[in-house]
Each structure stands twice: as C-alpha cells, then as structure tokens.
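Trainee: What would the 3D arrangement of this be:
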Amino acid sequence: MTEVVVEPDDTARRLREYVRDNPDVRHEDYRDAEDPVRESCYVLAEAYFHALGGTDSGLDIYCLSWSDVDPDYEGTHWFLRDDDAVVDLSLPDPVAGETVPWNAATRRAFITGYEPSNRCERALAALDIDY
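Mentor: Below is the predicted model of the structure:
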C-alpha cells in the first residue's frame with residue numbers, strides 16, 4: 001500500500017489553513033465546497049511544490065484523470081510524490097487516500113508548467129513564503 005502524507009510539515013499546515021480561510025484561492029467551481037481543503041488539490045499541490053523549491057524540491061507532480069478510472073467520472077486530482085510517499089495536502093487525513101487509485105495517475109507538469117499560477121503566487125505571498 002502507498003503511504004499517504006497530508007501534512008508533512010509546518011509549510012503544509014500553513015497552506016492548508018490559508019485555503020480554508022481564503023475561498024477565493026480555490027477554483028471557482030469549488031468555492032462553495034463543504035470542505036475547502038478537499039476541493040483545493042491543484043493550488044495546494046502547486047503551492048507546496050514551489051514552496052519547497054520547485055523542480056529542486058525532490059517532488060514529482062501527478063495528475064489523476066478520473067475518467068481513466070471510470071468513463072462515467074469527471075475531473076482530475078492533483079498531488080505530489082516523493083521517493084517514498086504520496087504527498088496530498090487536499091486530503092483530510094491519510095485514511096482518505098486508501099481508496100484513491102494512485103497508480104492510475106500520470107506524472108506531468110502543472111497547467112502553467114513550472115511557473116507558479118496567479119492563485120499559487122497569492123497563497124505563497126500571503127504566507128510570506130519565498131519560492
């Protein structure tokens with residue numbers, strides 16, 4: 001079974017807290033979500049990746065297309081991997097990752113490549129995190 005880490009350090013904790021307190025940083029389709037962290041996989045993965053050094057962070061970017069799991073599903077799920085674990089700041093706890101088909105995901109760059117998106121930059125700036 002794949003180890004899942006949801007809050008590996010203080011930077012992750014601060015990013016998760018920021019997302020909970022700032023609904024505007026989430027994608028507009030998810031701003032009314034009951035649990036803001038669960039609906040913020042992209043910005044959390046992207047901000048954490050850049051906060052830890054971007055391409056020098058030792059983290060790989062992954063995207064799971066739910067339609068690859070089941071043709072009736074829609075959407076994507078973004079997360080990071082290091083050598084030993086899945087790093088997914090958008091899960092409430094590691095148990096929530098037990099049913100995710102991690103191996104169906106593909107390694108890729110973010111939508112903005114390796115440059116931070118505007119939402120990512122806002123989160124990092126608000127927390128005074130250099131990247």
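
Trainee: what's residue 116 in contact with, if anything?
Mentor: 46, 47, 50, 124, 131 (C-beta atoms under 8 Å, 6 or more residues apart in numbering). The way it works is simple: take the backbone N, C-alpha and C, and place the C-beta from them, glycine included.

Trainee: Can you say which helix or strand has the first one in it?
Mentor: What it means is residue 46. Here residue 46 is covered by helix 41-51, with elements defined by DSSP states H and E.

Trainee: Give me the residues contacting that helix.
Mentor: 11-12, 15-16, 19, 25-27, 37, 57, 59, 61, 76-80, 87-90, 110-112, 116-117, 119-120, 123-124, 129, 131.

Trainee: List the strands paired with the very next helix or strand once past it, with their directions.
Mentor: Next helix or strand after helix 41-51 toward the C-terminus (DSSP H and E): strand 60-65. Each strand paired with strand 60-65, and its direction, by DSSP bridges: strand 76-81 (antiparallel), strand 106-107 (antiparallel).

Trainee: what are the C-alpha coordinates of strand 60-65, in CSV please?
Mentor: Extracted as CSV, the C-alpha positions of strand 60-65 are listed here (Å, rounded to 0.1, in the frame of the first residue of the first chain):
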residue,chain,number,x,y,z
ASP,A,60,7.2,14.9,-8.7
ILE,A,61,3.8,16.3,-9.9
TYR,A,62,1.0,13.8,-10.7
CYS,A,63,-2.5,14.2,-12.1
LEU,A,64,-5.2,11.6,-11.9
SER,A,65,-7.9,11.9,-14.5
